[in-house]
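*Asks:* what's the 3D shape of this:
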Amino acid sequence: MGKETDRKTRFWIGFLLVAVAYSLPIGGCAYAGLYWYLTFFVGAFAFSVYLIYRITIRNVKLRYPIVNPEGHADIYSGRMLRPIYEDMQRYPWFFNKKKRQRKLDKQRRTKKKQ
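*Replies:* Numbers count the residues shown, from 1 in each chain. The predicted structure is shown next:
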């Protein structure tokens, strides 16, 4: 849980820094009525927040431990890699993406057969 909290903390710190950096240009353009520049700065702000999100939260490298965390042998012990229950709980969006991709691939295959 420590690394998860650390990622979220880094995201919010980055978000606050970007918000402070873009607040003056966005406020100035809104006050002066420069709507094209305002649109540009709001888009740049949104893109910056997206980049911070990708770097801190979404860019997760999953680990596959070979050693049992409990210290007890189970059916996956030995040369086989252990299933990643902890990663599935911590990063459900990653595994849902894989499920959706398999479902789409299955639909494409059944359409071709018909």
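*Asks:* Does anything pack onto the helix or strand harbouring residue 108? Which helices or strands?
*Replies:* If you go by DSSP states H and E, residue 108 is part of helix 92-113. Judged by 3 or more C-beta pairs under 8 Å, 6 or more residues apart in numbering; DSSP states H and E, helix 92-113 is in contact with no other helix or strand. For glycine as for every other residue, the C-beta is placed from the backbone atoms N, C-alpha and C.
*Asks:* quick one, phi psi at residue 33?
*Replies:* phi 80, psi 20 (degrees, to the nearest 10).
*Asks:* any idea how far residue 31 is from residue 41?
*Replies:* Distance of residue 31 to residue 41, given as C-beta to C-beta, to the nearest Å: 13 Å.
*Asks:* Between the two, tell me which one has more neighbours.
*Replies:* Neighbour totals were compared for residue 31 and residue 41, and residue 41 leads with 20 against 9 (other C-beta atoms under 10 Å).
*Asks:* Quick one: mean pLDDT over the helix holding residue 108.
*Replies:* Mean per-residue pLDDT for helix 92-113: 73.
*Asks:* CA atoms only for that helix, dumped as PDB, please.
*Replies:* Output of helix 92-113 as PDB, limited to C-alpha atoms (Å, rounded to 0.1, in the frame of the first residue of the first chain):
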ATOM      1  CA  PRO A  92      -8.000  -3.900 -12.100                       C
ATOM      2  CA  TRP A  93      -8.100  -1.600 -15.100                       C
ATOM      3  CA  PHE A  94      -5.100  -3.400 -16.600                       C
ATOM      4  CA  PHE A  95      -6.800  -6.800 -16.500                       C
ATOM      5  CA  ASN A  96     -10.200  -5.500 -17.600                       C
ATOM      6  CA  LYS A  97      -8.500  -4.100 -20.700                       C
ATOM      7  CA  LYS A  98      -7.200  -7.600 -21.500                       C
ATOM      8  CA  LYS A  99     -10.600  -9.100 -21.000                       C
ATOM      9  CA  ARG A 100     -12.200  -6.600 -23.400                       C
ATOM     10  CA  GLN A 101      -9.500  -7.300 -26.000                       C
ATOM     11  CA  ARG A 102     -10.200 -11.100 -25.800                       C
ATOM     12  CA  LYS A 103     -13.900 -10.500 -26.100                       C
ATOM     13  CA  LEU A 104     -13.400  -8.300 -29.200                       C
ATOM     14  CA  ASP A 105     -11.100 -10.900 -30.700                       C
ATOM     15  CA  LYS A 106     -13.600 -13.700 -30.100                       C
ATOM     16  CA  GLN A 107     -16.400 -11.600 -31.800                       C
ATOM     17  CA  ARG A 108     -14.200 -10.900 -34.800                       C
ATOM     18  CA  ARG A 109     -13.400 -14.600 -35.200                       C
ATOM     19  CA  THR A 110     -17.100 -15.700 -35.000                       C
ATOM     20  CA  LYS A 111     -18.100 -13.100 -37.600                       C
ATOM     21  CA  LYS A 112     -15.500 -14.400 -40.000                       C
ATOM     22  CA  LYS A 113     -16.700 -18.000 -39.600                       C
END
